[in-house]
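Participant: Structure here, sequence nowhere to be found:
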């Protein structure tokens, strides 16, 4: 019995430091992997910085990604139109959609609203007519 008690105390005394050591080791491994990832990103960014260090490359980047032009120049953007009569799929900002040709305006005008007759009278009929805009 005393030997079992001494063994249990020795195991507990050794388990807590071992558990702490294992936890700290896992934290060190995670930190080391983050450091290596950041170092890889740094190398990629350094290569990109060297590639645009010339004035011509910086000008090309400014034109392509930021639509910047030199002083005295004007920027003109040509929006894509339709391909073989099928409009291009647009999403997002309606300001980015192409202009509508005047010949196709008639297809955009909604048809005449249908009128419904209400055979009900009283409060319910007035309520339905008031909320008719929800249709």
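Facilitator: Here it is on my side, so go on. Predicted model, so just to flag it, every value in this text is computed and none were measured.

Participant: count of residues packed around residue 61?
Facilitator: As a burial measure, residue 61 scores 14 neighbours (other C-beta atoms under 10 Å). For glycine as for every other residue, the C-beta is placed from the backbone atoms N, C-alpha and C.

Participant: check contacts around it.
Facilitator: By C-beta atoms under 8 Å, 6 or more residues apart in numbering, residue 61 lies in contact with residue 52.

Participant: host element of it?
Facilitator: helix 55-66 (DSSP states H and E).

Participant: taking the mean pLDDT, what do you get for that helix?
Facilitator: Mean pLDDT, helix 55-66: 85.

Participant: C-terminal to the helix or strand of the chain with the lowest mean pLDDT, what's the next element?
Facilitator: Averaged element by element with mean pLDDT, DSSP states H and E, the chain has its least confident helix or strand at helix 105-108 (a mean of 58). Using DSSP H and E, the helix or strand that follows helix 105-108 in sequence is helix 123-130.

Participant: Let me know the angle separating the helix ranked longest in the chain from helix 55-66.
Facilitator: The helix that spans the most residues within the chain, counting by DSSP state H, is helix 2-51. Interaxial angle, helix 2-51 versus helix 55-66 (axes from the mean of the first three to the mean of the last three C-alpha atoms, to 10 degrees): 110 degrees.

Participant: Surely residue 53 is within a helix?
Facilitator: No - judged by DSSP: H, G, I helix; E, B strand; the rest coil, residue 53 forms no part of a helix; its state is coil.

Participant: ok, it to residue 28 distance?
Facilitator: Distance, residue 53 to residue 28, using C-beta to C-beta, to the nearest Å: 37 Å.

Participant: sorry, back to before: summarise which helices and strands the longest helix of the chain is packed against.
Facilitator: Using 3 or more C-beta pairs under 8 Å, 6 or more residues apart in numbering; DSSP states H and E as the contact definition, helix 2-51 packs against no other helix or strand.
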